[in-house]
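S.K.: How does the following fold in three dimensions:
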Amino acid sequence: MIRDPTPIFQAVLVAAAAFAVTSARAAEAGPKFAAILDVCEARTLDEATIRGGQLGWPVAPEDRAWRTGFERHNGGTVRVAGWRRGPRDGDGLLSFWVASGPNAHTACTLATDRPGLLEELRGRFGAPDTLDGQDDVVSAFWRRGGREIAFTRVGASTSLNLSHRD
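M.R.: Numbering: from 1, shown residues only. You can find the predicted model right below:
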């Protein structure tokens with residue numbers, strides 16, 4: 001007796017469609033926070049640029065007004081690299097800079113509305129030195145050697161600043 005193969009093909013098509021949707025969602029999520037933090041922990045702009053290029057995000061345009069204001073405030077020059085995950089503000093904006101002058105330092109900032117960053121920071125740096133939260137506002141701070149890591153979440157919007165002074 002020959003069986004109708006249609007139900008088997010339908011099951012295969014349903015499974016393939018489910019896999020495609022799952023793969024598309026994973027690709028849409030973009031790089032894991034671990035890869036983003038690797039950019040932030042770079043010691044040089046060249047190193048950050050290489051790591052940032054591996055994220056697959058487009059390079060963000062230079063913000064001359066920010067640069068001018070920062071240099072005026074900091075009293076020295078700044079070299080910057082940045083990446084924007086997508087056109088929407090919450091998609092993710094990552095910046096890395098090296099500042100010279102009286103307040104020489106390297107720093108990295110991330111703005112995103114993707115969940116999970118606080119958990120990733122705890123996994124990488126351990127328990128925060130300070131953690132405060134109420135309602136939809138959470139802040140955490142770590143000092144690890146010469147590094148300072150500041151996390152803030154207000155509602156769904158999250159910001160991270162990781163800085164290092166040599």
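S.K.: Give me the buried positions along the host helix or strand of residue 131.
M.R.: If you go by DSSP states H and E, residue 131 is part of strand 130-134. Using 16 or more other CB atoms under 10 Å as the test for burial, strand 130-134 gives no buried residues. Every residue, glycine included, has its C-beta placed from N, CA and C.
S.K.: Can you tell me which helices and strands that strand packs against?
M.R.: Where contact means 3 or more CB pairs under 8 Å, 6 or more residues apart in numbering; DSSP states H and E, strand 130-134 is packed against strand 137-144.
S.K.: related to what we said a few turns ago, what lines up beside the strand holding residue 131 in the sheet?
M.R.: strand 137-144 (antiparallel) (DSSP bridges).
S.K.: So which elements touch the helix or strand following the strand it pairs with?
M.R.: Downstream of strand 137-144, the first helix or strand assigned by DSSP H and E is strand 147-154. Strand 147-154 sits against helix 117-125, strand 137-144, strand 157-164, with contacts defined as 3+ CB pairs under 8 Å, 6+ apart.
S.K.: Who does the last one pair with, and is each partner parallel or antiparallel?
M.R.: Yep, that's strand 157-164 we're talking about. Assessed with DSSP bridges, strand 157-164 is paired to strand 105-112 (antiparallel), strand 147-154 (antiparallel).
S.K.: Just say which of those strands is most tucked in.
M.R.: Using mean count of other CB atoms under 10 Å, the stretch among these with the largest mean neighbour count is strand 105-112, at a mean of 20.
S.K.: Next, the distance between the ends of stretch 57-76.
M.R.: One end of stretch 57-76 sits 29 Å from the other (CA to CA, to the nearest Å).
S.K.: list the buried ones in that stretch?
M.R.: Across stretch 57-76, burial judged by 16+ other CB under 10 Å covers 57, 60, 70, 74.
S.K.: Give me the distance from it to the chain's centre.
M.R.: Mean-position distance between stretch 57-76 and its chain equals 19 Å (CA atoms, centre = their mean, to the nearest Å).
S.K.: quick one: contacts of that stretch?
M.R.: For stretch 57-76, contacts defined as CB atoms under 8 Å, 6 or more residues apart in numbering pick out 30-31, 77-78, 80-85, 92-95, 97, 99-104.
S.K.: Low-confidence stretches in the chain?
M.R.: Confidence mapping of the chain against pLDDT under 70 gives the ranges 1-31, 89-90, 166.
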